[in-house]
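Student: prediction below, plus the sequence it came from.
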Amino acid sequence: MRILHFADAHIDMLNRGKHDPETGLPVRVMDFLRSLDVIVETAIEEKVDLVLFAGDAFKDRSPAPTFIREWGKRIMRLSRAGIPTVLLVGNHDLSPALGRAHALDPFNTFEVPHVHVVDRPTLLTPNDLDGLPLQIVALPWVSRSGMLAFLGDQAEGLSLEEVYSRMADLITSGVENLIEQATPELPLVLTAHASVQGAKYGAERLVMLGNDLVLPASLVKNPRWAYVALGHIHKAQDLNEGHQPPVIYPGSIERVDFGEAHEDKFFVIATIEPGKPTQVSWRKLPTRPVIDHRVTLTNEVSPTQRLIEALGPQEALEGAVVRLVVTYPQELEAHIDDAALYAHTKHALEFHLIKRPQVEARARLGNEPLERLTPLELVDKYLLARGVEGEERKALLDLAREILDRPSETAG
């Protein structure tokens, strides 16, 4: 049995920038749809037994009709091909208010053949999967409001960290009950849109307990699972690499921001055979290049030339999304030719030039003794010394003022 697993489509996440003249769609949205087309075409051409989407179809629960149409086109292709398709509701698909419709509700409302939307924890059996000899424990995203409503009076007096911990315990207990209900003779798969302890968000940042609702690693590594299909974290990874069961985050289907510039994007085909280890095939997606350069200038004779060299040859930038972050002494400002940089990147899809001039701290702090300054004035001096100006400085000062104005807590 072969299961195609993908997650975090976010097809309208980058609804901005250049538009395609033929379709009228933003070019970056078309990039996400291109990846989705590859996934759907692979499922149909290779005749997989099941497609399992582990959540987050859109940017939020209220996508524009155009994007609902484009997502629906692809899911309907799977439906017409007769491929059972499970759509798990993720946090971006879900309304924070209880009782509101989520972004995937139309597929339930219109009872689309072979498409099964899961918006609450459940055990899917062969009867739910068009007779497929498989069972799936499905865990959609659990919202904070949903947690508090479920706990009711039990949540009173608990910190948010304690609420998350209590919910993780309840979810673990609930999953164990669903495992007991499952038929031992049939393969059992877990799918969840959630964070799991030990997963990497990217840049080596680990998921830790206490910052969010986090599932314990022991839950997903239970040997009863034949395969664990996760969504929510955009970095592709196997949390149980080299062991069974495979615990897979396939990652997002396109690069969502510059933090993912160096990450390849994938979907997965898992092959499950009774009595044998589950095999995982990582399928790389054809994504748009995202290039992120950071340069610190000192006393360069030709700063513009140095930046052009850092960007690389023009042909390497063609069609790419490019960002150049430049940190430099204030006195070099007049020697950086913005027009030359934009000309060098004219064949890129997008070019983002971020300039961060640095001002000598002593010059910006002045001669006034620091002990005479209020905390807010000190923050302002620091921002000026770091070259933070304009709206960014104003926003940071507003935030600092809000924090400083909060009443201090005293021990009771």
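Tutor: Sure, I can see it.
Student: what comes up buried for stretch 384-397?
Tutor: Of the residues in stretch 384-397, L384, A385, G387, V388, R393 count as buried by neighbour count, 16 or more other CB atoms under 10 Å. The C-beta positions use only the backbone N, C-alpha and C, and glycine is treated the same way.
Student: and if you look at stretch 78-89?
Tutor: Those would be L78, S79, A81, I83, P84, T85, V86, L87, L88, V89, for stretch 78-89 by 16+ other CB under 10 Å.
Student: what sits against the fifth one?
Tutor: Residues counted as contacts of P84 (CB atoms under 8 Å, 6 or more residues apart in numbering) are D49, L50, V51, H114, H116, L129, D130, L132.
Student: give me the nearest residue to it, chain neighbours excluded.
Tutor: D130 (4.6 Å; CB to CB, 6 or more residues apart in numbering).
Student: how confident was the prediction at the closest residue to R294 other than its chain neighbours?
Tutor: Distances taken as CB to CB, 6+ apart put V325 closest to R294, at 4.6 Å, once the chain neighbours are dropped. Looking at V325, its pLDDT reads 94.
Student: and what of R283?
Tutor: At R283, the model reports a pLDDT of 98.
Student: ok, for L297, nearest residue in space, not its chain neighbours?
Tutor: Y328 (3.9 Å).
Student: helix, strand, or coil at the one you found?
Tutor: strand (DSSP: H, G, I helix; E, B strand; the rest coil).
Student: neighbours of it, how many?
Tutor: 23 (other CB atoms under 10 Å).
Student: the residue nearest to P84 is in contact with H114, isn't it?
Tutor: Yes: with contacts counted by CB atoms under 8 Å, D130 reaches H114, the gap being 6.0 Å.
Student: give me the common contacts of those two.
Tutor: Going by CB under 8 Å, 6+ apart, residues that sit against D130 and also against H114 are G82, P84.
Student: local confidence estimate at Q305?
Tutor: pLDDT, read off for Q305, is 95.
Student: measure it to I336 for me?
Tutor: 10 Å (CB to CB, to the nearest Å).
Student: ok, the two, which is more surrounded?
Tutor: Of the pair Q305 and I336, I336 is the one with more neighbours under other CB under 10 Å, namely 19 against 12.
Student: re earlier: more neighbours, D130 and H114?
Tutor: H114 (18 against 15).
Student: about what we covered before: could you list which of the buried residues of stretch 384-397 belong to helices?
Tutor: Here DSSP state H is the test, and the buried residues of stretch 384-397 give L384, A385, R393 as lying in helices.
Student: correct me, but the last one touches L383?
Tutor: Yes: taking CB under 8 Å as the definition, R393 is a contact partner of L383 at 5.1 Å.
Student: if we can go back for a sec, show me how to select, in ChimeraX, the buried members of the contacts of P84.
Tutor: Buried residues among the contacts of P84 (16+ other CB under 10 Å), as a ChimeraX selection:
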select :49,50,51,114,116,129,132
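Student: buried ones in stretch 280-296, by neighbour count?
Tutor: Neighbour-count burial for stretch 280-296 [16+ other CB under 10 Å]: V280, R283, L285, T287, R288, V290, I291, D292, V295.
Student: meant to ask about stretch 158-165, not that
Tutor: Applying 16+ other CB under 10 Å to stretch 158-165 flags V163, Y164, S165 as buried.
Student: what does stretch 336-345 give?
Tutor: I336, D337, L341, H344, T345.
Student: could you find the closest non-adjacent residue to the last one?
Tutor: Beyond its immediate neighbours in the sequence, the residue positioned closest to T345 (CB to CB, 6+ apart) is F351, lying 4.1 Å away.
Student: is the one you found located within a helix, as I assumed?
Tutor: No: assigned with three-state DSSP, F351 falls outside any helix and is strand.
Student: give the contact list for the residue nearest the centre of the chain.
Tutor: By CA atoms, centre = their mean, the chain has its centre lying nearest to H234, at 4.3 Å. H234 makes contacts with D8, Y201, G202, G251, S252, V256, E260, E263, as judged by CB under 8 Å, 6+ apart.
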